[in-house]
Structure formats: structure tokens, C-alpha cells
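**Q** based on what follows, work out the 3D shape:
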Amino acid sequence: MGKSEVIFHNYNENSVLVSWNENTIDIIPQRSAFEMEVKKVFTDIIVNHGAYSILLLWKKKIHHSNVIDQLKKFLTDIKTYEANGISWRLPIYYELENELVDSLSEFSKEEIISKHQETIFTVDFIGFLPGFPYLKGLDSSLQLHRKFTPALQVAVGTVAISNEYCGIYPSQSPAGWHILGNCPLPMFDIRNDQPSLLVAGDRVQFYAISKEEHSSMKNQIANESVTLKSFQIDG
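**A** Okay, the predicted model is just below:
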């Protein structure tokens, strides 16, 4: 278990920002375990994630020194940071954009797809858009900087990569990441108790489907003839 330095900031009158050192080896399970402990005591708290931090928001003004003392105790009381979360196999219709193929010209399209499918990603955090998962673990040979000129809009379910991350756009949005294809599963549904399909600590592996299978799967999900739980490996 890697050592970490955790800093507690008085963010504003009703929130605290908890920040980890960027070199923390076990950042995802540690952050998840800490969040679980916090929510056991502060049941009405709102938690916003960052790559190396979480912002804890209360609905009313707080006494920062008292709250931070409690938060430090939660962190001290956590003995182990075991991997948690659900493992998912998510379908993707691969349709690599030309800019991505040109940028990775040392590989064939088939090699790019194979490298992406072989990776088991970990959901680092949800951000940018409601339900947008930052999937960490992209093969180093596929890592590209953001586009110089972002797309004005991409479709719901667009799967794209940037630097060490893979992401899935939960809604139509401008996008500066390089597009691999499209996932037919909804990433965010406000009607659900847990609106975001994926949460920090979940694991994700993609598998290829055809354009016809993609269309059929979207219809099945819309008609509720297939459940999202069926895409879980161990759930």
C-alpha cells in the first residue's frame, strides 16, 4: 500500500476539499474507502470527485475544525484499501475517426482495437458531464493529447480517448478527445436511484459489436427487454 499525503482545505463555509498527493499509488481504492466512511456518518452529504481530490458539500454551514478532525479520523481508521466496485463488459461499435488513425499510424485499425479491448480500465472518477466516466489505464502506446480543434458535438455514447484516459460521453456534447466508437448503454439516467451507470472503483472491459448489434441493443434497452445488470461480470 503506497503512502499518501492528504490535505484538508476549508473550501467555503459549507464544504471541505480533501486532496491526495498525485504520487499516491492506491488513490482510487483509498478515496473510495474514505468516501464510504464519510457517508456512513454524514448521510446528506454531496460528494464531487476529481482525479486526486473529493469535494464534500454540506447543505448548511459547518464548523470546519470539528469536521476536519472527524475526516482525519475516518482516514486513520481505514486499515486497508481493498479493491471494490463492479466489473463490467461494455459493448462498443468501433468506428475509429481518421484523425486518431493518422495519429497512431504505426498501428493498423485492428491493432488499435485489439489494444483497447485487451485493457481492463478502472473508473477513476465521474466528471465533466453527469455520468461521464474517466476510465484509467489506457495502453501507453495509444495515449494521445487532446485534439487541437475540438468537435462541436459528438453523439450520446461516444467512446473516446485522451492522454491516459478513455471516456464515454453520456449526452451530446462538444468533445476534444479522439473517437474510437460508440457504446449503446446509457451512462446516466436521472430516474435511477444511482443515476450514473458507473462509479469510481468499477472496472470496465470493452468488447466489439457490429453496427446492427449496436442498433438492436439500443432498441432492447429502450424497450427494457434487456437489463443493464446483464453487462456486469460479477454483479
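**Q** now the element after the helix or strand where V47 lies, going C-ward?
**A** Using DSSP states H and E, V47 sits in strand 46-49. For strand 46-49, the following helix or strand on the C-terminal side (DSSP H and E) is strand 53-57.
**Q** okay, now the domains of this protein?
**A** Here the domain parsing of the chain from automatic domain parsing is 6-77, 87-231.
**Q** lowest average confidence across these, which one?
**A** With a mean of 86, domain 6-77 has the lowest mean pLDDT of the domains of the chain.
**Q** residues contacting G181?
**A** If you count contacts by Cβ atoms under 8 Å, 6 or more residues apart in numbering, G181 has them with 92-96, 158-159. Every residue, glycine included, has its C-beta placed from N, CA and C.
**Q** check contacts around the residue nearest the centre of the chain.
**A** The centroid of the chain falls nearest to P133 when counting by Cα atoms, centre = their mean (2.6 Å). Neighbouring residues of P133 by Cβ under 8 Å, 6+ apart: 123, 126, 167-168, 187, 196, 198, 202, 204.
**Q** how about a cut-off of 6 Å?
**A** Taking Cβ atoms under 6 Å, 6 or more residues apart in numbering, we find P133 in contact with 123, 126, 168, 198.
**Q** and if you look at D77?
**A** When the contact criterion is Cβ under 6 Å, 6+ apart, D77 has no partners at all.
**Q** would you mind measuring from it to M36?
**A** 12 Å (Cβ to Cβ, to the nearest Å).
**Q** L75 now?
**A** Counting by Cβ to Cβ, the gap from L75 to M36 is 12 Å.
**Q** who's more crowded, those two?
**A** Per other Cβ atoms under 10 Å, whichever of L75 and M36 has more neighbours is L75, with 16 against 13.
**Q** run through who's touching whichever strand or helix holds E110.
**A** E110 belongs to helix 109-118 when assigned by DSSP H and E. By Cβ under 6 Å, 6+ apart, the list of residues contacting helix 109-118 from outside reads 94, 96, 104, 139, 142, 206.
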